[in-house]
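1. Sequence first, then the predicted structure, then my questions.
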Amino acid sequence: MKQTGQIVRSYGRRFIVESGEHTYDCTSRGKRVDYACGDRVDITVLNDKQAVIEAQQPRQSLLYRQDDWRTKLIAANVTRIFFVTAAVPSPSEELLNRCLLAAEAADIDPVIVVNKSDLPETAAWLDKLQPYQQLGYKLVTISAKQGAEALLPLLQGQTSVLVGQSGMGKSTITNALLPDAAARVGEISTALDAGRHTTTHAALYHLDADSQLIDSPGLQEFGLSHIGATELAGLFPEMRDFIGHCRFHNCTHRQEPDCAIKQASKDGHVRPMRLELLQKLTNRALNA
Ligand SMILES: Nc1nc2c(ncn2[C@@H]2O[C@H](COP(=O)(O)OP(=O)(O)OP(=O)(O)O)[C@@H](O)[C@H]2O)c(=O)[nH]1
Ligand SMILES: [Zn+2]
């Protein structure tokens with residue numbers, strides 16, 4: 001029997017697909033693995049519990065990361081990315097930047113969530129994040145241990161994904177928003193990870209009839225090899241006004257003279273660390 005459904009868990013090769021009132025444990029036709037949590041798929045139902053994924057329906061969006069060796073799909077069809085960060089354990093500002101660039105490239109609205117506001121270290125981290133608010137990025141401060149209601153207005157009507165380094169509180173946020181569903185995550189991950197308390201797979205939950213939330217495994221790095229050198233500068237909002245004003249139309253904003261982006265940085269419109277990140281990424285993209 002052919003049906004359509006949505007992938008609500010992705011274990012790499014095995015997928016859980018929700019279709020109407022049913023959930024099926026699925027493998028894919030031809031061992032295809034390039035499906036992501038959130039994908040809408042056509043399935044053939046084998047029995048009460050099992051089905052085979054035949055094909056994927058067109059995606060509204062795809063968030064992924066890519067390094068020299070592999071591509072990692074994070075989530076499909078999301079409309080909002082929540083980058084979860086906290087002052088403890090040591091947050092990476094570069095990872096935040098890379099995630100914002102990936103969000104811009106995928107045309108998905110990003111939100112920075114500063115969790116663990118109860119910790120005294122948070123104030124200094126918030127100061128460091130102020131420039132991102134000045135760039136226009138939404139920032140919400142919460143203490144997930146006490147609750148995550150402050151996120152609700154931003155989650156409403158969206159398909160959202162939580163991403164971030166391990167230990168920043170993604171699962172705690174999911175628990176706070178969905179106490180019932182979270183108990184289930186615990187069960188599954190205990191069985192698969194022999195009791196480790198870390199998220200190993202993406203999981204989609206229903207917040208209400210039109211809001212969905214995807215929790216994803218912690219990230220250490222965020223490869224952006226899929227973004228071309230010429231596309232990069234346009235993903236930095238503060239650089240957009242200067243694009244097209246360099247002396248060379250194919251300027252890489254590194255060694256070239258009369259570079260409008262480097263000049264903008266000298267004039268204080270672009271922070272040095274953002275220019276350095278652009279140069280580092282462009283360098284990689286050109287040598288790939
Ligand atoms: N002080 C404080 N600790 C928190 C808060 N939220 C989460 N934590 C703690 O931070 C640790 C990590 O939280 P998790 O929710 O497991 O983090 P995660 O981002 O899901 O981590 P991974 O599953 O490894 O990706 C746990 O010990 C939580 O109790 C908070 O608001 N305040
Ligand atoms: Zn330039």
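-> Done, it's in. Ligands and ions are numbered 1, 2, ... in the order given.
2. Any residues of the chain in contact with ligand 1? List them.
-> For the chain, the residues in contact with ligand 1 (C-beta under 6 Å from any ligand atom) are 115-116, 118-119, 143-145, 164, 166-172, 198-199, 217-218. (C-beta placed from N, C-alpha, C; glycine too.)
3. Can you flag the buried ones in those?
-> When those are checked for burial by 16 or more other C-beta atoms under 10 Å, the buried set is 115-116, 143-144, 164, 167-172, 199, 217-218.
4. So the residue in the stretch 1-150 of the chain that ligand 2 sits nearest to, which state does it fall into?
-> Proximity of the stretch 1-150 of the chain to ligand 2 (C-beta to the ion) peaks at Leu101, 17.5 Å away. What DSSP: H, G, I helix; E, B strand; the rest coil gives for Leu101 is helix.
5. if we can go back for a sec, can you tell me which of the residues of the chain next to ligand 1 are in helices?
-> Of those, the ones assigned to helices by DSSP state H are 170-172.
6. now those as JSON lines including distance to ligand 2 and pLDDT?
-> Listed next are these as JSON lines, based on distance: C-beta to the ion, whole Å; pLDDT from 0 to 100:
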{"residue": "Lys170", "distance to ligand 2": "37", "pLDDT": "94"}
{"residue": "Ser171", "distance to ligand 2": "42", "pLDDT": "91"}
{"residue": "Thr172", "distance to ligand 2": "43", "pLDDT": "93"}
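7. For this protein, which segments count as strands?
-> 2-10, 15-19, 22-28, 40-45, 50-56, 62-66, 71-76, 80-86, 109-115, 138-141, 159-163, 202-208, 211-215 (DSSP state E).
8. ok so, going back, how near is the residue of the stretch 1-150 of the chain closest to ligand 2 to ligand 1?
-> 21 Å (C-beta to the nearest ligand atom, to the nearest Å).
9. contacting residues for that residue?
-> 224, 227, 232, 235-236, 281 (C-beta atoms under 8 Å, 6 or more residues apart in numbering).
10. Run the chain-centre distance for stretch 274-282.
-> 20 Å (C-alpha atoms, centre = their mean, to the nearest Å).
11. now do stretch 67-74
-> 13 Å.
12. Span of that stretch from start to end?
-> End-to-end distance of stretch 67-74 (C-alpha to C-alpha, to the nearest Å): 14 Å.
13. Buried residues in that stretch, which are they?
-> Under 16+ other C-beta under 10 Å, the buried positions of stretch 67-74 are 73-74.
14. quick one: average pLDDT of it?
-> The average pLDDT within stretch 67-74 is 87.
15. contacts for it?
-> So stretch 67-74 is contacted by 10, 34-36, 62-66, 161, 163, 202, 216, 221, 223, 225-226, 288 (C-beta under 8 Å, 6+ apart).
16. Give the closest residue to Tyr11 in space, chain neighbours not counted.
-> Spatially, and ignoring its direct neighbours in sequence, Tyr11 is nearest to His201 (5.0 Å; C-beta to C-beta, 6 or more residues apart in numbering).
17. Tyr35 contacts Val17, correct?
-> No: the criterion here is C-beta atoms under 8 Å, and Tyr35 misses it with Val17 at 9.4 Å.
18. Name the residue in the two with the higher neighbour count.
-> Val17 (26 against 21; other C-beta atoms under 10 Å).
19. Contact partners for the more buried one?
-> Neighbouring residues of Val17 by C-beta under 8 Å, 6+ apart: 5-8, 23-24, 26, 41, 43, 51, 53.
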